[in-house]
Structure formats: C-alpha cells, structure tokens
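**Q** I need the structure of the sequence given here:
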Amino acid sequence: MIDFQTSPDRYRHWKLSFDGRVATLAMDVDENGGISPGYELKLNSYDLAVDIELYDAVQRLRFEHPEVATVIITSAKERVFCAGANIKMLGLAEHGFKVNFCKFTNETRNALEDASANSGQLYITAINGPCAGGGYELALATDYIVMADDGATSVSLPELPLLAVLPGTGGLTRLVDKRRVRSDHADFFCTTEEGIRGKRAVEWRLVDEVVPRSRLLEAAMSKAAEYGSRSARPSEAQGVLLGPIERRIDSDRLVYKNLTVEFDRERGAAHIIVRGPQTAPAAEPIALEPIDDSFWPLALARELDDAILHLRFNEEGVGTWVFHTEGDGTLVERYDHWLLEHQDNWLIREIIDYLKRVFKRLEVSSRSLFALIEPGSCFTGTLLELALAADRAFMLNGAGEGREPGGAQRSRAHQAERSKAEQTSLRGPPNRNDSATSASDKEKPAQIRLTEMNFGPLPKCNGLARLENRFLSEPAHLETLKRQLAHDLDAESAAELGLVGFIPDEIDWDDEVRLAIEARAAFSADALTGLEASLRFAGPETLETKIFARLSAWQNWIFQRPNAVGENGALKLYGTGKRPIFDPRRV
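**A** Residues are numbered from 1 along each chain as shown. As a prediction, this is how the structure comes out:
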C-alpha cells in the first residue's frame, strides 16, 4: 500500500530549513529510498516517494509557517540539481502507476503555483548543476529561476530524444504558455539531449538569470528578499500544526473521522460517505478562538485529499466513486458563512484554497463520479460542490421512510450496523447537539441548499465556478440561482433549476441507481477516462486544463506505444547501450 502521510521528521529526500522570512527546500535524494525495490535514485532523480515529501512540505509551508514569504528550491548535492523522474522506475512501473505518478507530480507543481498566486508565498529555483526532465519541470513551476553559469550547468527536456516520451507533466505547456518561449526555440530545446546553458538560456527565456557559481545562493537570497518585501504573509501569526490524519484501513472500508469509504467491489464502486460538522463554528472572533487541524473544513479537506490519493493508487480497479453526505445542512451553511466572513484572515484563505485544490484533484481523477442525494443528506454549499462535480447526480424524489442514506447501493459491509468501537475511535462520542442524521431527518424528503461558496470561491481548473461551468449557455440563470440562497430545494425544484439530473422516486430509486453503477463498470475504462476528461471542463482553457488534458492524452497514448515501451523501445533500452528501433509511421 502506498501511504501519502509523512512529516518533516520522516523526510529522506528533502531538507527544510528557515532563515526569517525565507525557507529553503534542498533536494537530497536518498539513492536507496525509492518507494519500490529494483532501482536507485541516483543524481537526485525522483520517484513517488520524493514527490510525496515535496507535497507535504508545500502544505506545511502554507499552514504551519505563515511567516515564510519566499521558498528557495535547490539541491543539497554538489554540482547536480535533478536528473528528473527515475528512468528505471518508469521502465519497471505498470502503465496505470506511471499515469497516476505523473498526475500527482503535476498537481504538486500546481500547488507551488497556487501558493504563489493565492498565499503570497513565492518560489525561487537555484540551479546548481544539470537540471533535466522533471527537474526542470519543477523549476518551471516556480516564479523565478536563477542558474549557475559555469559552462556545465544546463537545463533540458530530453525525454523525446532519449526515451521516446514527452515531458507531459506540464513541461511543454509551461514552456510555451507560462514562460512564453518561442516555438522554434522550444522545438530545438526539446529535441536536443545536452540542453541549454549560460546566456542563451536567459535569452530564450528558459531561466531568468545566470550568475557565477560562487554567487548562486547570494542571488537567490537577494531575489527572495525582494519578493518577501512585497508579500502580505503575516510575519507574526501563529501557524497550524498539521498532525497525523487518523484513519483505519480495512479490506472493505477506509474510515476517517469525517468520512468513510466503503467498497462494492462486485460493481467496481467506492461509496464515499462524507459527514457534516457535528457542531457549529464558534461565534467568537477568530483571534480569540485558535483553530487547529481538527477544525471541520480543514480536517475534511485533509481527509478527502488523502482518500482520493489512496483510491487512485491503491484501488485502481474501483472505477466509480459514489458520494453521499450525512448530517445537518444548516451547520454546513453556518461554516460556509463563517469562512467567507473571515476570509481576510490568512489561515481562513488557506483553508478555502485547500478545499478548492481538493475538489480540483477530484475532478482530474480518472474515475466516474456519482452523487446520491437522499433523506438525511447534507449537500449544502461546500458539500454541494461534490454533487456539482459529479458526472451524474441522483436525488430521491419523495420521503425516505427512514431509509439509510445509500440504501441498497452501498456495500454489504455497511448494511451491518456499525460497531460502537468504530463510532468512538474515529468520530468521538455521541453528542446531543451533533449533526448525526436523526430518524426524523431520514423521513423528510431529500433537500439541497446553495450558499455563496457555490458562486466562486471554489473554482474548477478552468477558472469557473461549477455553476458557471454548468450553465455556460445560460449565464443569466446564475442570478435566478442566487435568489435561492439559503432555501431548501426538494428534488423537483432542484431538477427544475438544473442542479440535478435525475430524480427517481422511492419505487425506482434502487434499480435506477444500481443500473447506472453497473453500466459504468461494463464500459471500457479507457473510453470513460477520455469521455469524462472531455466533458468536465467546458468554456475557457487555462494552463491547468491544458496540462491535464495533454497529460491524459500523452501518457495514455505515448507511454503505451512500442516506440517507448516495446522490447526495442527507448524506455526499455535506456542505459543498456543498445539503440532503440522505432516504427516511423505517424498514427
């Protein structure tokens, strides 16, 4: 099992240090610290284990270190920056792992860019040696690149000539869309093995500055000080320690405090039951009410993030994710109002932004997404985004007559009563005022509720709110929806407003939902991935949508072609001294 939880005291590949407003992330990859056996991570080449630590560091810098305004990424190894993704690892990995690895790697680079854009925490790369492939892609994700000018240090994207694959983890897209490198320069750069160094690298916009090796860190610190002087990061604020996420992993269930994942392996489905808050947010001003990592929106974001990554890598055969919610929608609404009321505070902005990134991660996952809205659900505001992100949302039309949310669609394991030990070990003891779904709630018709969170704070990768994306042809309809704020909407009202697509009644519900889930499992998974990726992001194209669309196409096609992975392919023969044999036909 691949575990995405780590902490700085467990890092094997990165060294994190602080100097006032500047943090330094030094890459120092342990050659023997790969996530799987069979390869060595030489020359600061990386695998998933290295990127898991990088993602953790980026998260902690945002939440635990509000005083940090600038982060310098460099190498702790002498005269080598990063050789990119480990080639032996890629050659040994199964195709699905390679695609998910590339996706997670790029999401981590997106997180760097998001920190710069939304947190005032800017990133600088100090390149002290050869910087190739994924190493240069990491540099491309930062705001400023300074490189040693020593006749040997260079940047390169050599995947095409060396491996018959492409720097599809955002490399090509950032080259021309972000750094605005001329297409003829980019073509030469991406088809040469040795890379570009010195003044030409600056002239071609591949890096921002070259300096003598002896002045590299001095130049990086100077730029860090310049950036830091403009940052709004609060130097005196107290950060939030991100402790270990409590969870239990069973053969048929994954249990967190605020959500549970239950597997229906027969139908290839995971039922993700998200629990709403048990209590309302404190009424006191934020300065008098310290927030820790148990604060419901932050805790939920962390748990859902971890669950998505777990499902991607450890449950590849589970192709449909079905979302349910349980709890009191009024409490969810109160949290939404509270977050938006205090969003001028750095920490609240970080929490909202983290929720945004988790929902983005959900939508770029190669899985079918369903939402089941039933009596006792709390698809309100932030949690309604789960239904708006779904490929299909079903809402029960009528009273539930005490049915358990999910009913016959959830696994047999769920239908047995949960043990008291489970209730107390991860969810805490029952509370008379908590949001546990009561019997009377289950007897009421299913309802959803819009809040201001649905109108902009949590945009998709295309920069649009999910409601904007949904009603591209009817922008005026958004004003109609805003008039429904704070109103409970039953199934017929929700369908009339276009918020859900299917509203079976009690008689048809189980069969209609079951058939939809079973049909999904019967389709080609490859075709579904292409279908969903094409339909989810309407409207404008952004750097993110380009990256993920191209990544899906390139990795799912080029990484499976004989020229790359065949017996005589470049990826298979790399390092053997043998020349690959290419099929010259364009297809």
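**Q** tell me which stretches of the stretch 351-500 of the chain form helices.
**A** Using DSSP state H, counting those that start in this stretch, the helices of the stretch 351-500 of the chain run over residues 384-389, 412-415, 420-427, 439-443, 466-470, 477-482, 491-496.
**Q** which of those has the lowest mean pLDDT?
**A** Looking over those, mean pLDDT reaches its minimum on helix 412-415, with a mean of 45.
**Q** ok, residue 79 touching residue 131?
**A** No: the criterion here is C-beta atoms under 8 Å, and residue 79 misses it with residue 131 at 11.4 Å. In short, each C-beta sits where N, CA and C put it, glycine included.
**Q** around the closest residue to residue 377 other than its chain neighbours, how many other residues sit close by?
**A** Nearest residue to residue 377 in three dimensions, chain neighbours excluded: residue 325, at 4.7 Å (C-beta to C-beta, 6 or more residues apart in numbering). Counted by other C-beta atoms under 10 Å, the residues lying close to residue 325 total 28.
**Q** and residue 61, what element?
**A** Using DSSP states H and E, residue 61 falls within helix 48-63.
**Q** please apply the same query to residue 582.
**A** Counting by DSSP H and E, residue 582 is part of no helix or strand.
**Q** the strand or helix carrying residue 274 pairs with which strands?
**A** If you go by DSSP H and E, residue 274 is part of strand 269-275. As defined by DSSP bridges, the strand partners of strand 269-275 come to strand 259-264 (antiparallel), strand 320-326 (parallel).
**Q** compare residue 79 and residue 131 (neighbour count), which wins?
**A** Comparing residue 79 with residue 131 by neighbour count (other C-beta under 10 Å), the higher total belongs to residue 131, at 32 against 13.
**Q** and that one, how far from residue 55?
**A** According to C-beta to C-beta, to the nearest Å, residue 131 and residue 55 sit 20 Å apart.
**Q** spit out the residues that contact residue 79 and residue 131 alike.
**A** Shared contacts of residue 79 and residue 131 (C-beta atoms under 8 Å, 6 or more residues apart in numbering): residue 153.
**Q** strands of the stretch 251-400 of the chain, start to end?
**A** 253-256, 259-264, 269-275, 320-326, 368-373, 392-395 (DSSP state E, counting those that start in this stretch).
**Q** just send these back as CSV, with mean pLDDT too.
**A** As requested, the strands of the stretch 251-400 of the chain are exported to CSV (pLDDT from 0 to 100):
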stretch, mean pLDDT
strand 253-256, 97
strand 259-264, 98
strand 269-275, 98
strand 320-326, 98
strand 368-373, 98
strand 392-395, 98
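**Q** show me what contacts the residue nearest to residue 377?
**A** Residue 325 makes contact with 273, 274, 275, 276, 373, 377, 378, 379, 383, 386, 405, according to C-beta under 8 Å, 6+ apart.
**Q** pull the most distant pair out of those residues.
**A** Greatest spatial distance in the contacts of residue 325: 275 and 373, 15.2 Å, computed using C-beta to C-beta.
**Q** those two - which one has more neighbours?
**A** Per other C-beta under 10 Å, whichever of residue 275 and residue 373 has more neighbours is residue 373, with 28 against 24.
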